[in-house]
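*Asks:* below: sequence and its predicted model.
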Amino acid sequence: MLENYPKQILIKDGTPILLRPLVREDETGLAEFFARIPEEERWFLREDIADSEVMGEWIRNLDYDRCLPLVAIRPDDGRIIANIRLHRRPAECLSHIAHLRILVEPSYRQHRLGTWMLLDTMKLAVAIGIEKLVAEFVAEVEAAAINAANKLDFFEQAVLKDYVKDRQGRYRDLVIMVKNLHQDWSDF
């Protein structure tokens, strides 16, 4: 499953970036990465990634069968600049579905790093038997991510109106997008 990693990719400006699975030794680097994500974006994450106890628990309990996290790393200094995770449920009736979560450091968002990681993760998902990818986005806050998902043929499955609340107490819509995967990659 992970025999093709680590792998090097080139982002839009020609910079080489290393993609590989997250390992326990990445705890400090991952905490530093999350600290570079703007606070208004971290607000909408499912876990409090600023809490070192939450981060430590997540790293100590790495289970690639339930959550497969990949990181993008700058080879020159080893800095983590993006994280993507495939979350799978143990229930047999949901084993064909994975929930996708991606976060890219702001200074790398216009370099197509997120798109590269999505494409790579889709290929990995197909290899492990995933048939559907599900991604959730906060409307307006993650407009660029929604646009990128649309370009990769994710479709809007549902919009949960006023589902999440921002720091100011304003409600925001949650957009649920789905991509059907095909074993022969005919959808690309």
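*Replies:* Okay, I see it. Numbers count the residues shown, from 1 in each chain.
*Asks:* contacts, neighbours, all on C-alpha from now
*Replies:* Will do.
*Asks:* do I have it right that Leu30 meets Ile80?
*Replies:* Yes. Counting by CA atoms under 8 Å, Leu30 touches Ile80, with 6.4 Å between them.
*Asks:* give me the number of residues near the residue lying closest to Leu18 once chain neighbours are set aside?
*Replies:* What sits nearest to Leu18 in space, not counting adjacent residues and going by CA to CA, 6 or more residues apart in numbering, is Gln8, at 4.5 Å. Neighbour count for Gln8, taken as other CA atoms under 10 Å: 15.
*Asks:* with His182 instead?
*Replies:* Neighbours of His182 under the rule other CA under 10 Å: 16.
*Asks:* confidence score at it?
*Replies:* With respect to pLDDT, His182 scores 81.
*Asks:* which secondary structure elements does the helix or strand where Phe137 lies contact?
*Replies:* Phe137 belongs to strand 132-138 when assigned by DSSP states H and E. Judged by 3 or more CA pairs under 8 Å, 6 or more residues apart in numbering; DSSP states H and E, the packing partners of strand 132-138 are strand 97-104, strand 171-180.
*Asks:* ok, 10 Å please
*Replies:* Judged by 3 or more CA pairs under 10 Å, 6 or more residues apart in numbering; DSSP states H and E, strand 132-138 is in contact with strand 80-88, strand 97-104, helix 113-127, helix 143-151, strand 155-165, strand 171-180.
*Asks:* which parts of the helix or strand of the chain with the lowest mean pLDDT are buried?
*Replies:* Least confident helix or strand, the chain: helix 39-42 with a mean of 77, by mean pLDDT, DSSP states H and E. Across helix 39-42, burial judged by 16 or more other CA atoms under 10 Å covers Arg42.
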